[in-house]
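Visitor: Here's a sequence, model it:
(chains A and B)
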Protein chains: 2
Amino acid sequence: MQQQISIITLGVADLERSRRFYGEGFGWSPVFQNHEIVFYQMNGLMLGTWLNASLEADMRPGLVRPGAFALGHNVATREAVQPLLEHLAQHGGRILKNGMEPPHGGFTGYVADPDDHAWEIAWNPAWPISPEGYVSFGT
Amino acid sequence: MQQQISIITLGVADLERSRRFYGEGFGWSPVFQNHEIVFYQMNGLMLGTWLNASLEADMRPGLVRPGAFALGHNVATREAVQPLLEHLAQHGGRILKNGMEPPHGGFTGYVADPDDHAWEIAWNPAWPISPEGYVSFGT
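Guide: Below you'll find the model as predicted:
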């Protein structure tokens, strides 16, 4: 089976509020949008933000309570972490943890999007990122 | 800001149980594992399965209840969807919805991993997948 994730779909309560966070916070441009979904072309996969009611209807009966998770966006320098956390907080996000050095190295903080999806913003010098945004494991 | 997701980290209660689901269900090989985390090299990003207690400690205070989401794995043919759902269910997963034609086309079903992370298994002929597993938007 190909080691491949095609899409991450996030359930959102307010599509416009979510679009502001991803569009003005992260600065990402949609590749498609309509009245119930926005798609972003990412590094070899899609990110979708879909109205909660539609996502729930699609996966009905679905999950009463989804398991814990976090998405991660790595940046090129240690100095870029905290300003991005604060920029995202100014565009509808909520800082969960300010940037700090975790025991496993690097520099990292967490911010929740307007619908409580956690994003880790991290500088991880061990994991190379290609110009196209493809991330590889390294130690 | 690069349109890039570096990692998806899933919180899991039992690392070995989760490793069986991803290893024997999806057939994916770890690139790294220790007593609290397993990393899989995916299509331009990493998938991590991390003990819930460690993920919670890392993102403390974190989120009382994370927002809804689903991950997606697309397959090459319509006929591949249902057998994969059933194979995953035989390896610790739980089918949420059997394969069917959604209103937006294709063929899709949902399965939860052992820690209640939803995976959509889909055939979506509109979205090309490169030999390396990179997925592109199409209509």
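
Visitor: which residues of chain A fall in helices?
Guide: Taking DSSP state H as the criterion, chain A carries its helices at A:15-20, A:52-58, A:81-89.

Visitor: Name the residues that touch the second one?
Guide: Meaning helix A:52-58. A:9, A:11-13, A:36-37, A:50, A:62, A:115, B:68, B:70, B:102, B:110 (C-beta atoms under 8 Å, 6 or more residues apart in numbering or on different chains). Using the backbone N, CA and C atoms, a C-beta is placed for each residue, glycine as well.

Visitor: lowest-pLDDT helix or strand in chain A?
Guide: Lowest by mean pLDDT, DSSP states H and E among the helices and strands of chain A is helix A:52-58, with a mean of 92.

Visitor: roughly how far out does that one sit from the chain middle?
Guide: The chain centre lies 19 Å from the centre of helix A:52-58; the measure is C-alpha atoms, centre = their mean, to the nearest Å.

Visitor: repeat for stretch A:88-100
Guide: The chain centre lies 12 Å from the centre of stretch A:88-100; the measure is C-alpha atoms, centre = their mean.

Visitor: Against residue B:66, how distant is residue A:57?
Guide: Taking C-beta to C-beta, to the nearest Å as the measure, residue A:57 falls 20 Å from residue B:66.

Visitor: Compare these two (neighbour count), which wins?
Guide: Taking neighbours as other C-beta atoms under 10 Å in any protein chain shown, residue A:57 and residue B:66 compare with residue B:66 leading, 19 against 12.

Visitor: returning to what we had before: can you list the buried residues in the least confident helix or strand of chain A?
Guide: By neighbour count with 16 or more other C-beta atoms under 10 Å in any protein chain shown, helix A:52-58 contains the buried residues A:54, A:55, A:58.

Visitor: Among the contacts of helix A:52-58, name the least confidently predicted one.
Guide: Note: of the contacts of helix A:52-58, the lowest pLDDT belongs to residue A:62, at 74.
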